[in-house]
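Engineer: Okay, predicted coordinates and the sequence, questions at the end:
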Amino acid sequence: MQKQVHSSIPTSSGHWYIDAYADHESEPMPHLVIYPPGLDTTGVVTVRVHSECFTGDVLGSQRCDCGPQLERSLEVISKEKGVLIYLRQEGRGIGLINKLKAYNLQDEGFNTIDANHQLGFETDEREYHVATLILKDMGITRIKLLTNNPEKVTSLERDGIEIVDRLPLMIEPTEDSIEYLRVKRDLMGHFLD
């Protein structure tokens, strides 16, 4: 895993740098690092590790809080000159097709965890080691982590990243996301009110 390209992009929310990380330059779906000008990697850096969610990030799905989490994270990252790592592990690591199958099972009454189990997957198939590799490649070892997920905290600390602080990322539930968020809190241990 190495940085394949560094680029910049002007957006409606400001100017951003984007680095693509992959094992080879022909990888069609690299992991991305997004950060504003002025990033200083020598101190404590505010970091969001965000797993890809096409339905939430792109379509604005109300089933989850992913899209609003991404938007809020970018606001914080811009203000604090931090880093957002966008990991290509859709649907808690099961891929978009299986995620949509899980949606169908949820429509039949299964919760998000049971739907994954019905499809033969673990509760959460995501892996955060690559985020650690990216952070270390960037020279970042001390962070404030923007997350509600205890597994991200545990994984990054286990891999040698010092988490100086965990910043909560609370999103107001919608009628369609309230049960999903309860499952994350009650069955997955996420830090949610």
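Structural biologist: Received the coordinates, thanks.

Engineer: Give me the residue at the spatial middle of the chain.
Structural biologist: With distances taken as C-alpha atoms, centre = their mean, H50 lies nearest the centre of the chain, 1.2 Å away.

Engineer: looking at it, that one is touching R88, isn't it?
Structural biologist: No - assessed by C-beta atoms under 8 Å, H50 is found out of contact with R88, at 10.6 Å. Heads up, the C-betas are built off the backbone N, CA and C, glycines and all.

Engineer: Next, count neighbours for R48.
Structural biologist: R48 has 26 neighbouring residues, counting by other C-beta atoms under 10 Å.

Engineer: Now do the top helix by length along the chain: which elements does it pack against?
Structural biologist: For the chain, the longest helix by residue count, based on DSSP state H, is helix 66-80. Under the contact definition 3 or more C-beta pairs under 8 Å, 6 or more residues apart in numbering; DSSP states H and E, helix 66-80 sits against strand 31-35, strand 45-51, strand 83-87, strand 142-146.

Engineer: Would you enumerate the residues in contact with the residue nearest to the centre of the chain?
Structural biologist: The contact partners of H50, taken as C-beta atoms under 8 Å, 6 or more residues apart in numbering, are 66, 69-70, 73, 84-87.

Engineer: can you check H15 too?
Structural biologist: Counting by C-beta under 8 Å, 6+ apart, H15 makes contact with 8-9, 36-37.

Engineer: residues contacting Y103?
Structural biologist: Contacts of Y103 (C-beta under 8 Å, 6+ apart): 55, 63, 115.

Engineer: from the middle of its chain, how far away would the helix or strand hosting it be?
Structural biologist: Using DSSP states H and E, the element containing Y103 is helix 96-107. From the chain centre to the centre of helix 96-107 is a distance of 19 Å (C-alpha atoms, centre = their mean, to the nearest Å).

Engineer: Then stretch 112-121?
Structural biologist: What separates the centre of stretch 112-121 from the centre of its chain is 20 Å, taken as C-alpha atoms, centre = their mean.
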